[in-house]
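A.B. asks: sequence unknown, structure follows:
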């Protein structure tokens, strides 16, 4: 295998991964209410239909509201844990950190069932905030890992300098630490935002047909028969992820966020 | 120092449990009161639900719901064919899909980690987009590819491989392909940090000595990544075991996987105690495997040297 072989291999994998997405994009352009690929006539009429049909609009609104709040909850839980561990390396902080890693390692169906019986016992089922908190706790791992990365990259000398200049803990956090971890918080927020928008099983379990999110609506519509609107929704999902992650890559250090090794000076 | 305030000598008569609680929990939280909020959030909305689920797995099932009780009937059902066949199916799919996705992901990630920065970032954005894409959307797009009206079967008919195009899903193959496809971006992200740490000079040295890039990859890179790949396999295995939407959409009914079984029992049949028992078992397996993966990654050869 030469350099050429390597390029062919990379292109092949990219092509294979992108192919189904491109086909869905093609299907979404169908002019008639049938699923054909290549599309049978070209029209964009399925995209406005997402915003004009009540059930799609409701699902979209639910998903957006849930994702925005869940991402906020996740970051709000992750920041104190990461800072706690970084500042005071006590056993309790480590335990909290590990507790924050567990949700992501477990199969989501277990978390979904656990949360369902919890809300069932309390007597609130199918509420939107069930899913908000559910996603916030389930996805806390991502901002937690990212904010910790950010804190670790802070130079000891900077902290020392702030302390010598007389900054107390609170002041140091507000003027030095917080601005430095802010990009990592934003990245963590973005990751939770996208994952929450796409999450199916927790939304399905906790929504209980009362609160329906976009992925749940997509699967329900798939079951009752294809329409190109589903493909249009899929295209919207893809574009949304492209926009968010491009922004993260544009304003932050994406390889580093994903754990790439960077040489220390 | 404010530290002194809570370094009081232990009160007389305090038992070991009390001491553990005060020193392990109260003291750290006094030093950092903001730690209370994440403790409560994770405790109330994650730990307590699991405790309730654990309790329910022993509860007595009634017509429509369950009532308090202590019985191990739900765990006893683990010996029934209903459970064992689906467990075996799940293990098969998880093992095959994880291995297949690694065959693609290992060389792919290695090459991506060797790209210059700009194309590397573009590749990562692409991988993240596919990774976070809803399982619903991926399963759907794959079903379009494999459907009679819009995809590969038509191409095959046109090429003359088959006389009449027919849908390729649901089938064993379709589900395996879907799961593998879904795993690839995840595998890439798991392997990426270790790949970036690999010393460039090693492969360069191999190539200077006359090895082709392929030979350098198989004789230098792969042996260095062995533990990383094994750890990735375990993580992917756990990840695939929890698959729900892909098998719902692409698999035949006889290939129902564990997550589907849990959802079916809980929501379809209202047998929450049995679903809870299944979840408890599933969670134990997952935790053991995850710990194994963590141990394997600790012995990662790319980090230490």
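C.D. replies: Structure received. For clarity, every value in this text was computed on a predicted model and none was experimentally measured. Numbering: from 1, shown residues only, chains lettered A, B, ... in the order given.

A.B. asks: what separates residue B:242 from residue A:202, distance-wise?
C.D. replies: In this structure, residue B:242 and residue A:202 are separated by 12 Å, where distance is defined by Cβ to Cβ, to the nearest Å. Glycine gets a C-beta too; all of them are placed from N, C-alpha and C.

A.B. asks: Kindly apply the preceding question to residue B:60 instead.
C.D. replies: Looking at residue B:60 against residue A:202, where the rule is Cβ to Cβ, the gap reads 27 Å.

A.B. asks: So for these two, which sits in the more crowded spot?
C.D. replies: Each of residue B:60 and residue A:202 had its neighbours counted (other Cβ atoms under 10 Å in any protein chain shown), and the higher figure belongs to residue A:202 (25 against 13).

A.B. asks: hang on, that one packs against residue A:107?
C.D. replies: No. Between residue A:202 and residue A:107 there is no contact under Cβ atoms under 8 Å: 11.2 Å.

A.B. asks: Could you tell me the model confidence score at residue 186?
C.D. replies: Just so you know, I chose chain A. The predicted local confidence for residue A:186 comes out at a pLDDT of 91.

A.B. asks: hm, I was asking about chain B
C.D. replies: The predicted local confidence for residue B:186 is 87.

A.B. asks: Now do the phi/psi pair for residue B:67.
C.D. replies: The phi/psi pair for residue B:67 (degrees, to the nearest 10) reads phi -130, psi 160.

A.B. asks: for it, what are its contacts?
C.D. replies: Applying Cβ atoms under 8 Å, 6 or more residues apart in numbering or on different chains, one finds that residue B:67 lies in contact with B:59, B:60.

A.B. asks: now it: how far from chain A?
C.D. replies: 13 Å (Cβ to the nearest Cβ, to the nearest Å).

A.B. asks: quick one on the thing from earlier: mutual contacts of residue B:242 and residue A:202, please.
C.D. replies: In contact with both residue B:242 and residue A:202: residue A:108, using Cβ under 8 Å, 6+ apart.

A.B. asks: where's the closest residue to chain A within the stretch 101-250 of chain B relative to residue B:24, distance?
C.D. replies: Taking Cβ to the nearest Cβ as the measure, the point where the stretch 101-250 of chain B comes nearest chain A is residue B:242, at 2.6 Å. The gap separating residue B:242 from residue B:24 is 32 Å, by Cβ to Cβ.

A.B. asks: quick one: contacts for residue 171?
C.D. replies: No chain was given, so I picked chain A. residue A:162.

A.B. asks: Sorry, I should have been clearer: chain B.
C.D. replies: When contacts are counted by Cβ under 8 Å, 6+ apart, residue B:171 touches B:250, B:251, B:252.

A.B. asks: Model confidence for it, exactly?
C.D. replies: Taken from the predicted model, the pLDDT recorded for residue B:171 is 86.

A.B. asks: SS state for residue A:125?
C.D. replies: Look at residue A:125: counting by DSSP: H, G, I helix; E, B strand; the rest coil, its state is coil.

A.B. asks: Check whether it really touches residue A:117, as I assumed.
C.D. replies: No. Applying Cβ under 8 Å, one finds residue A:125 not in contact with residue A:117, separated by 10.0 Å.

A.B. asks: Of those two, which one has the most company?
C.D. replies: Neighbours were counted for residue A:125 and for residue A:117 using other Cβ under 10 Å; residue A:117 has more, 26 against 18.

A.B. asks: so, in contact with chain B or not, the helix or strand harbouring that one?
C.D. replies: Here residue A:117 sits within helix A:108-122, counting by DSSP states H and E. Yes. Applying Cβ under 8 Å from any Cβ of the partner chain, one finds helix A:108-122 touching chain B at A:108, A:109, A:110, A:111, A:113, A:114, A:115, A:116, A:117, A:118, A:121.

A.B. asks: Need the nearest residue in space to the residue of the stretch 101-250 of chain B closest to chain A, chain neighbours excluded.
C.D. replies: Spatially, and ignoring its direct neighbours in sequence, residue B:242 is nearest to residue A:107 (2.6 Å; Cβ to Cβ, 6 or more residues apart in numbering or on different chains).

A.B. asks: got a list of what the one you found touches?
C.D. replies: With Cβ under 8 Å, 6+ apart as the criterion, the residues that contact residue A:107 are B:238, B:241, B:242, B:258, B:259, B:282, B:283, B:286.

A.B. asks: Phi first, then psi, for it.
C.D. replies: Backbone torsions of residue A:107, given as degrees, to the nearest 10, read phi -60, psi 130.

A.B. asks: how near is it to residue A:7?
C.D. replies: From residue A:107 over to residue A:7 the distance is 37 Å, taken as Cβ to Cβ.

A.B. asks: So what's the residue count around residue A:104?
C.D. replies: Neighbouring residues of residue A:104 were enumerated by other Cβ under 10 Å; the total is 18.

A.B. asks: isn't it right next to residue A:143, touching?
C.D. replies: No. The pair residue A:104 and residue A:143 fails to qualify as a contact (Cβ under 8 Å) at a distance of 11.1 Å.

A.B. asks: Which residue does the stretch 101-250 of chain A have closest to chain B?
C.D. replies: residue A:107 (2.6 Å).

A.B. asks: one step back: pull out the buried residues from the residues of helix A:108-122 next to chain B.
C.D. replies: Buried positions within the residues of helix A:108-122 next to chain B, assessed by neighbour count (16 or more other Cβ atoms under 10 Å in any protein chain shown), are A:108, A:109, A:110, A:111, A:113, A:114, A:115, A:116, A:117, A:118.

A.B. asks: Go ahead and confirm the second one touches residue B:262.
C.D. replies: It stands for residue A:109. Yes. With the criterion set as Cβ under 8 Å, residue A:109 and residue B:262 qualify as a contacting pair; they are 5.2 Å apart.

A.B. asks: which residues are common contacts for the two?
C.D. replies: Here residue A:109 and residue B:262 share the contacting residues B:279, B:282, scored by Cβ under 8 Å, 6+ apart.

A.B. asks: Where is the longest helix in the chain?
C.D. replies: Just so you know, I chose chain A. For chain A, the longest helix by residue count, based on DSSP state H, is helix A:54-87.

A.B. asks: Chain B was what I was after
C.D. replies: With DSSP H setting the assignment, residue counts place helix B:81-113 as the longest helix in chain B.

A.B. asks: what about the residue nearest to residue A:106 when sequence neighbours are not counted, is that helix, strand or coil?
C.D. replies: By the measure of Cβ to Cβ, 6+ apart, the closest residue to residue A:106 outside its immediate chain neighbours is residue B:286, 5.6 Å from it. Of the three states, residue B:286 takes helix under three-state DSSP.

A.B. asks: picking that back up, which parts of the longest helix of chain A are buried?
C.D. replies: Across helix A:54-87, burial judged by 16+ other Cβ under 10 Å covers A:56, A:59-60, A:62-67, A:69-71, A:73-87.

A.B. asks: Fine, thanks again, bye for now.
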